[in-house]
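[1] 3D, please:
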Amino acid sequence: MLLLVFEAMLGLRVKSVLIPIGKVPELQHMARLFGCGIDYLPLSYLCLPCVNFKSKVVWDPIVERVNKKLAGWKSKLLSKGGRLTLLKITL
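    Below is the predicted model:
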């Protein structure tokens with residue numbers, strides 16, 4: 001009920017989830033009661049895992065995704081001078 005009042009007062013859509021620790025009886029029932037979803041550990045936020053952000057293992061897949069997206073337009077939009085500069089920096 002508190003979440004519904006909060007949502008109504010602020011005009012927000014609450015994106016709350018229940019995160020069970022261990023075995024929780026009637027988890028589905030509680031989620032329906034609160035009007036929220038169920039999530040499990042380990043969590044992610046904005047497609048980033050909520051773990052040690054200093055670890056290189058966390059950032060490798062993200063860097064790879066960005067590189068894939070950039071690869072398609074880099075060659076199309078860079079001038080000859082820009083391509084040469086990029087090549088020199090890479091080498």
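[2] what is the rounded mean pLDDT of stretch 4-21?
    In this model, stretch 4-21 has an average pLDDT of 77.
[3] buried stuff in that stretch?
    Leu18 (16 or more other CB atoms under 10 Å). C-beta coordinates here come from the backbone N, C-alpha and C atoms, glycine included.
[4] Give me the contacts around that stretch.
    Contacts to stretch 4-21, defined as CB atoms under 8 Å, 6 or more residues apart in numbering, come from residues 3, 24, 27, 30-31, 34-41, 43.
[5] Which of those are buried? Put it as a ChimeraX command.
    Here is the ChimeraX command that selects the buried residues among the contacts of stretch 4-21 (16+ other CB under 10 Å):
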select :31,34
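[6] List the first helix or strand encountered after the helix or strand of the chain with the lowest mean pLDDT toward the C-terminus.
    Lowest by mean pLDDT, DSSP states H and E among the helices and strands of the chain is strand 48-49, with a mean of 66. For strand 48-49, the following helix or strand on the C-terminal side (DSSP states H and E) is helix 56-77.
[7] which strands and helices sit next to that following helix?
    Here helix 56-77 touches strand 48-49, going by 3 or more CB pairs under 8 Å, 6 or more residues apart in numbering; DSSP states H and E.
[8] how does the protein divide into domains?
    Split into domains by automatic domain parsing, the chain comes to 1-41, 47-91.
[9] what's the least confident stretch among those?
    domain 47-91 (a mean of 72).
[10] if we can go back for a sec, which of the contacts of stretch 4-21 fall in helices?
    Within the contacts of stretch 4-21, residues falling in helices by DSSP state H are Leu3, Leu27, Met30, Ala31, Phe34.
[11] So the fourth one sits against Gly37, correct?
    Think Ala31. Yes - counting by CB atoms under 8 Å, Ala31 touches Gly37, with 6.4 Å between them.
[12] And Gly22, how close does it get to Val63?
    Remark: distance between Gly22 and Val63 (CB to CB, to the nearest Å) = 35 Å.
[13] more crowded one of the two?
    Higher neighbour count among Gly22 and Val63: Val63, with 10 against 4, using other CB atoms under 10 Å.
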